[in-house]
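Trainee: Got a sequence here, can you build the structure:
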Amino acid sequence: MAKTALVVGASGIVGSATADLLVAQGWTVHGLARRPVKQAGVAPIAADLTDAAATAEALGGVDPDAVFITTWLRQDSEAENIRVNSAMVRNLLDGLPKPKGPRHVALVTGLKHYLGPFEAYGKGSLPQTPFREEQGRLDVDNFYYAQEDEVFAAAERDGFTWSVHRPHTVIGKAVGNAMNMGTTLAVYATLCRETGRSFRFPGSAAQWSGLTDMTDAGQLARHLLWAAETPAAANEAFNVVNGDVFRWQWMWARIAQWFGLGPAPFDGTVQPLEQQMAGDADLWRAIAEREGLAEPNLARLASPWHTDADLGRPIEVVTDMSKSRRMGFTAYQPTDDAFFALFERLRADRLIP
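Mentor: Model prediction:
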């Protein structure tokens, strides 16, 4: 029997990949976004989750077997992040008709569960790496925890099962996304090639030399579907990464080579992309006009602040996947291949030259 899914944040990196996978697997897919984009096989739903009444009205005719929550709104403080993003989850789950049959709700959060929110990112007393799910919450306010609590409360009220998914930095395509390292690095490399500037690693010595991992959007989508269809995964939280580990000193050279660049030597100095790219908006617009690119607005492609946060961490960050492996999730994605596939897609879609 065909199943119905509601993908919340369907226009984003994770949501679009999840919707694509569900359509390919034969699901009936509804995609909710503030401004839905056309996506093959996805029925669009326009809704602002900060508006409870409008959300309930938009969802009135939807009775999904599975709900995938892949969206959030960045605010100016963690207190506001908590207020706004917990309300969005609450409005969504309150607005859905009470389930007529079994329902599963999957929430995507991330490694800030272990590292802390942006205001205290990678500071203070942190769990030992590799991060494992049983390490639990930090003693600090975090909007991920508030989102989880809304899911837990609604599950107890309405009787659905849930899963929480904690990816590392996600590699995937989305225009206008607030956290997009892959496209940010592609744009940065293009600007360096255009101007002859050095392709400099912007982050910390700990990140340059230490081990790390990442999460491809397709890998995360497969994990979300696996949890929704695996009874043993009900009411559990999971880390989800590609399955390989690398050091940025190796990956930076791989990315540079793809763009025909030589990586600049790293001297241990942090040189944030937000500073390096601060004056590049007009240059990118000129490149876009000359090359006939689809998006001339640099701010809609690159999110240097987020890439800086990840690459500037003062600690090594590695994620343990044993919990999922023991339950049967065996998918694997080499991270350099994920970057290269994204770059090819960006070029094919005329987002980079």
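Trainee: I'd assumed Phe201 was in contact with Trp252.
Mentor: Yes - under the criterion of C-beta atoms under 8 Å, Trp252 makes contact with Phe201 at 5.1 Å. (C-beta placed from N, C-alpha, C; glycine too.)
Trainee: Neighbour count: these two, which is higher?
Mentor: Phe201 (27 against 22; other C-beta atoms under 10 Å).
Trainee: ok, that one - contacts?
Mentor: Trp208, Trp248, Gln249, Trp252, Pro263, Ala264, Phe266, Leu311 (C-beta atoms under 8 Å, 6 or more residues apart in numbering).
Trainee: hmm, which of the residues you listed are the buried ones?
Mentor: Buried members of these, counted by 16 or more other C-beta atoms under 10 Å: Trp208, Trp248, Trp252, Pro263, Phe266, Leu311.
Trainee: So for the last one, what's the pLDDT?
Mentor: In this model, Leu311 is scored at 95, pLDDT.
Trainee: how close does it get to Pro265?
Mentor: As judged by C-beta to C-beta, to the nearest Å, Leu311 and Pro265 stand 16 Å apart.
Trainee: mind putting the contacts of Phe201 in TSV, secondary structure and distance to Ala237 included?
Mentor: Below are those laid out as TSV (DSSP: H, G, I helix; E, B strand; the rest coil; distance: C-beta to C-beta, whole Å):
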residue	secondary structure	distance to Ala237
Trp208	helix	30
Trp248	helix	27
Gln249	helix	32
Trp252	helix	32
Pro263	strand	37
Ala264	coil	39
Phe266	coil	35
Leu311	helix	26
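Trainee: For Ala174, what are phi and psi?
Mentor: Backbone geometry at Ala174, expressed as degrees, to the nearest 10, gives phi -170, psi 140.
Trainee: Please list all residues in contact with the closest residue to it other than its chain neighbours.
Mentor: In space, and not counting its chain neighbours, Ala174 is closest to Ile13: 4.2 Å by C-beta to C-beta, 6 or more residues apart in numbering. By C-beta under 8 Å, 6+ apart, the contact set of Ile13 is Val170, Gly172, Lys173, Ala174, Asn177, Met179, Asn180, Ala217.
Trainee: Could you do Gln39 as well?
Mentor: Gln39 makes contact with Ala10, Ser11, Ser16, Ala19, Asp20, Gly31, according to C-beta under 8 Å, 6+ apart.
Trainee: Can you tell me the strand partners of the helix or strand hosting the last one and which way each runs?
Mentor: To tie it back to what came earlier, the one meant is Gly31. Taking DSSP states H and E as the criterion, the element that holds Gly31 is strand 28-33. Strands adjacent to strand 28-33 in the sheet, as given by DSSP bridges, are strand 4-8 (parallel), strand 42-46 (parallel).
Trainee: To Val89, which of those strands lies closest?
Mentor: Checking the strands paired with strand 28-33 against Val89 by C-beta to C-beta gives strand 4-8 as the closest, at 8.9 Å.
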